[in-house]
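# I would like the atomic coordinates for the input below:
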Amino acid sequence: MHAERELTWLGLHVGIPALILLMFFIVGDLAYQNKAGKFGTIVLFGALGLGVFGFVLKTIVSRYML
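The predicted structure follows:
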């Protein structure tokens, strides 16, 4: 039971940020390879940033609601 809690904490606090960082590198490489330009790169990172912002906001709201 205690190992499950530690694994969940590790996945939430280490795994998800690592995946978010990996997605930023993937989107950056995608923008570079497709020659997206400044505006296209801003749009790509903006969409990814909104997803990250939603995840962080959900975490904050759920912490204060409980």
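
# quick one: contacts for P17?
By C-beta atoms under 8 Å, 6 or more residues apart in numbering, no residues touch P17. In this view, the C-beta of every residue, glycine as well, is placed from N, C-alpha and C.

# what helix or strand is it on?
helix 16-33 (DSSP states H and E).

# and the angle for the next helix or strand after that helix with helix 16-33?
Counting by DSSP H and E, the next helix or strand C-terminal to helix 16-33 is helix 37-65. When axes from the mean of the first three to the mean of the last three C-alpha atoms, to 10 degrees is applied, the directions of helix 37-65 and helix 16-33 differ by 170 degrees.

# let me see the mean pLDDT of helix 37-65.
Here helix 37-65 scores 93 as its mean pLDDT.

# give me the buried positions along that helix.
The neighbour-count check on helix 37-65 (16 or more other C-beta atoms under 10 Å) flags T41, L44, F45, L48 as buried.

# what's the answer for stretch 30-37, then?
Result for stretch 30-37 [16+ other C-beta under 10 Å]: buried residues A31, A36.

# follow-up on the earlier one: nearest to K58, of the buried residues of helix 37-65?
Using C-beta to C-beta, L48 comes nearest to K58 of those, at 15.9 Å.

# now that closest one: how far from I26?
Distance, L48 to I26, using C-beta to C-beta, to the nearest Å: 9 Å.

# again, but for V43
15 Å.

# with T8 instead?
Counting by C-beta to C-beta, the gap from T8 to I26 is 25 Å.

# now K38: how far from M1?
51 Å.

# sorry, wrong one. I was asking about V14.
Counting by C-beta to C-beta - V14 and M1 are separated by 21 Å.

# and what of I20?
29 Å.

# same thing with F45?
Distance from F45 to M1, by C-beta to C-beta: 41 Å.

# same check on A18?
Distance from A18 to M1, by C-beta to C-beta: 25 Å.

# compare the two and say which one has the larger neighbour count.
A18 (11 against 4; other C-beta atoms under 10 Å).

# returning to that earlier point: now render the buried residues of helix 37-65 as CSV, adding distance to L30.
Below are the buried residues of helix 37-65 laid out as CSV (distance: C-beta to C-beta, whole Å):
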residue, distance to L30
T41, 9
L44, 7
F45, 10
L48, 10
